[in-house]
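>>> structure here, sequence nowhere to be found:
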């Protein structure tokens, strides 16, 4: 191990797609020394060692973080406060905790008050993912060319922030800093709302029981692509829906208004308005192709 | 040309993705003799000849259908009545008209009353497509392993129905017959509703202007996949929204109820209900993977 690696010792709490991919990418870049994993499932941790995702593991978070320069929390958002608490006894002075939670307001509220003097927290969120989970799903290019949002607060240590920013740059992310309120609204709009919509759509269509057969059987590629995100992990999305409630409800209302406008145009058979509505959406969509 | 080709002379009215792909597939199968195209855009028709999609074209529908055994109407749903009217003067006795419209109730209502004795109409809908259009978008395997729904009415000639069914089987489709009302409801659920939802979602998110930047810029793969269908042709979707109005409104209401249920669970922070909702959707979705 070279003396100038970015993170001599990294602890990953939650060795799944998110935590595992960070480890693999940092290893590939030669930016990390030893990686210690921690998580609830022993088979997953064994698999992670076998796949070279981590070097070793400890079952106790406080043990896993001993001597770690950086601790990456990659467990479901609602567990991050508890997990931080479990890590505390093992943290060395100067250790930096950072996370990958999709919600930042609730996470900062849960973690910051717990921290002793000399332990730093940098709230973060790499915007990347697939519908797969577990250490087996991890791959080193997951974060390549993806945005990573860091949401420092007035309590965030500037040097710790710099190091975490450099860590994400090293794995290929485009790092952006913004206030956590803004992060939570943007994510509600571009990620949380679409998931709620997809779940609701599949639910509505799948429970339409006027015919003997399941009408989902007729669905073609468009429907399958469109509803792919409804295959995401229910526990994770329950957590997100609970922790980013206010921003999500605001966006759901925005969406309901948009849908109600469209529905009124359809009911009135207002062809010109329908065309304009579809065209406006198409233009917005094509701009992000 | 062999004497036992299925369709010695085929006229395609509307040489785009749908009409062009049928022609290419029938040619590949050796099931068609001559293919005559007709459509509004001369450059598109010239291109179609260049690509081997059609053998020749006529600008006048009545000319295009002269001597045709089968006439495939592949223009937007709202034009199908008018196009049929334009074809009438050229149709030979025994000619079979069939269509690819995504809505069947309104189309049958528009076409059946126009037909003279001895000219047959078989209402159909191949469930296939991409977001591309025009003759250049056509490819012979478009219909392979896809469903094709035929919705014969009490007026449909059984032999004409048999031939059109054989035509779709020849290009690889799984042909299903059902009443047109059922077709229109199923399509409203699995195709028309998702398009309305995608258009509304992009509209709602794209017009959220609380920040200086366009928040769509932050969208990751999930959002892009999810909203791909909002890039579809606004004219086509205006037509569908107008012609399948009642079934679509029924499905939109079904969806609104589902979304409202979810929103209430989020507002109340009802974790268990949220989990069950997401799990039920995931199971429905995974069943059609």
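Alright, I've got the coordinates. Because the structure is a prediction, the values reported are computed rather than measured.

>>> only C-alpha atoms for contact and neighbour calcs from this point on.
Noted.

>>> once you drop chain neighbours, what's closest to the residue positioned nearest the centre of chain A?
Central residue of chain A (CA atoms, centre = their mean): residue A:102, 4.1 Å from the mean position. Closest residue to residue A:102 apart from its sequence neighbours, by CA to CA, 6 or more residues apart in numbering or on different chains: residue A:125 at 5.9 Å.

>>> where does chain A have low pLDDT?
Applying pLDDT under 70 to chain A flags the ranges A:1-3, A:221, A:289.

>>> how does it divide into domains?
According to automatic domain parsing, chain A is divided into the following domains: A:7-178, A:182-286.

>>> need those domains in TSV (columns: distance to residue B:196).
Below are the domains of chain A laid out as TSV (distance: least, CA to CA, whole Å):
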stretch	distance to residue B:196
domain A:7-178	24
domain A:182-286	8
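
>>> of those domains, which approaches residue B:156 most closely?
domain A:182-286 (23.7 Å; CA to CA).

>>> any idea how far apart the tips of the closest one sit?
End-to-end distance for domain A:182-286: 24 Å, by CA to CA, to the nearest Å.

>>> one more: stretch A:134-148?
In stretch A:134-148, first residue to last residue: 21 Å (CA to CA).

>>> could I get the buried residue list for it?
Buried residues in stretch A:134-148, counting neighbours by 16 or more other CA atoms under 10 Å in any protein chain shown, are found at A:134-136, A:138-144, A:146-148.

>>> in helices only, show me those residues.
Among the buried residues of stretch A:134-148, DSSP state H puts none in helices.

>>> make TSV from the residues you listed and add distance to residue B:42 to it.
Below are the buried residues of stretch A:134-148 laid out as TSV (distance: CA to CA, whole Å):
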residue	distance to residue B:42
A:134	55
A:135	56
A:136	54
A:138	51
A:139	50
A:140	50
A:141	47
A:142	46
A:143	47
A:144	45
A:146	44
A:147	45
A:148	49
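
>>> and chain B, which of these reach it?
Residues of the buried residues of stretch A:134-148 in contact with chain B (CA under 8 Å from any CA of the partner chain): A:146-147.

>>> return the member of the buried residues of stretch A:134-148 nearest to residue A:216.
Closest approach to residue A:216 among the buried residues of stretch A:134-148 (CA to CA): residue A:134, at 28.6 Å.

>>> what's the spacing between that closest one and residue A:262?
For residue A:134, the distance to residue A:262 equals 40 Å [CA to CA].

>>> so who does the nearest residue to residue A:26 once chain neighbours are set aside touch?
Leaving out its chain neighbours, the residue that sits closest to residue A:26 by CA to CA, 6+ apart is residue A:32, at 5.7 Å. With contact taken as CA atoms under 8 Å, 6 or more residues apart in numbering or on different chains, residue A:32 is in contact with A:5-10, A:26.

>>> likewise for residue A:14?
A:37-40, A:73-75.

>>> and with 7 Å instead?
If you count contacts by CA atoms under 7 Å, 6 or more residues apart in numbering or on different chains, residue A:14 has them with A:38-39, A:73-75.

>>> which of those has the most neighbours?
Most neighbours among the contacts of residue A:14, by other CA atoms under 10 Å in any protein chain shown: residue A:73, with 27 neighbours.

>>> ok, that residue to chain B distance?
Applying CA to the nearest CA, to the nearest Å, the value for residue A:73 to chain B is 21 Å.

>>> coming back round to it: near the residue nearest to residue A:102, how many other residues are there?
Neighbours of residue A:125 under the rule other CA under 10 Å: 22.

>>> before we move on, which element is it in?
strand A:124-126 (DSSP states H and E).

>>> again with residue A:62
helix A:61-64.

>>> flag every buried residue along whichever helix or strand comes after that helix.
Downstream of helix A:61-64, the next assigned helix or strand under DSSP H and E is strand A:70-73. Buried residues in strand A:70-73, counting neighbours by 16+ other CA under 10 Å, are found at A:70-73.

>>> may I see the residues you listed arranged in JSON lines, with distance to residue A:222 as well?
Shown next, in JSON lines, are the buried residues of strand A:70-73 (distance: CA to CA, whole Å):
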{"residue": "A:70", "distance to residue A:222": "43"}
{"residue": "A:71", "distance to residue A:222": "41"}
{"residue": "A:72", "distance to residue A:222": "37"}
{"residue": "A:73", "distance to residue A:222": "36"}
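
>>> beta partners for the residue nearest to residue A:102?
With DSSP bridges as the criterion, residue A:125 is bridged to residue A:149.

>>> ok, now which ones touch it?
Residue A:125 is in contact with A:99-102, A:148-150, counting by CA under 7 Å, 6+ apart.

>>> at 10 Å what do you get?
A:98-104, A:147-151, A:175-176, A:183, A:187 (CA atoms under 10 Å, 6 or more residues apart in numbering or on different chains).

>>> among the buried residues of stretch A:134-148, which are in strands?
In strands, judged by DSSP state E, the following of the buried residues of stretch A:134-148 are found: A:147-148.

>>> can you pull out the helices in the stretch 1-150 of chain A?
All helices of the stretch 1-150 of chain A, identified by DSSP state H, counting those that start in this stretch, fall at A:17-28, A:42-50, A:61-64, A:80-87, A:105-111.

>>> stretch A:194-211 vs chain B: in contact?
Yes: Stretch A:194-211 lies within reach of chain B by CA under 10 Å from any CA of the partner chain, at A:194-208, A:210-211.

>>> buried ones in that stretch?
Buried residues in stretch A:194-211, counting neighbours by 16+ other CA under 10 Å, are found at A:194-208.

>>> kindly report the same for stretch A:103-123.
A:103-108, A:110-112, A:119-123.

>>> dump these to JSON lines, plus distance to chain B.
What follows is the buried residues of stretch A:103-123, written out as JSON lines (distance: CA to the nearest CA, whole Å):
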{"residue": "A:103", "distance to chain B": "15"}
{"residue": "A:104", "distance to chain B": "16"}
{"residue": "A:105", "distance to chain B": "16"}
{"residue": "A:106", "distance to chain B": "14"}
{"residue": "A:107", "distance to chain B": "17"}
{"residue": "A:108", "distance to chain B": "19"}
{"residue": "A:110", "distance to chain B": "17"}
{"residue": "A:111", "distance to chain B": "21"}
{"residue": "A:112", "distance to chain B": "23"}
{"residue": "A:119", "distance to chain B": "31"}
{"residue": "A:120", "distance to chain B": "27"}
{"residue": "A:121", "distance to chain B": "24"}
{"residue": "A:122", "distance to chain B": "20"}
{"residue": "A:123", "distance to chain B": "18"}
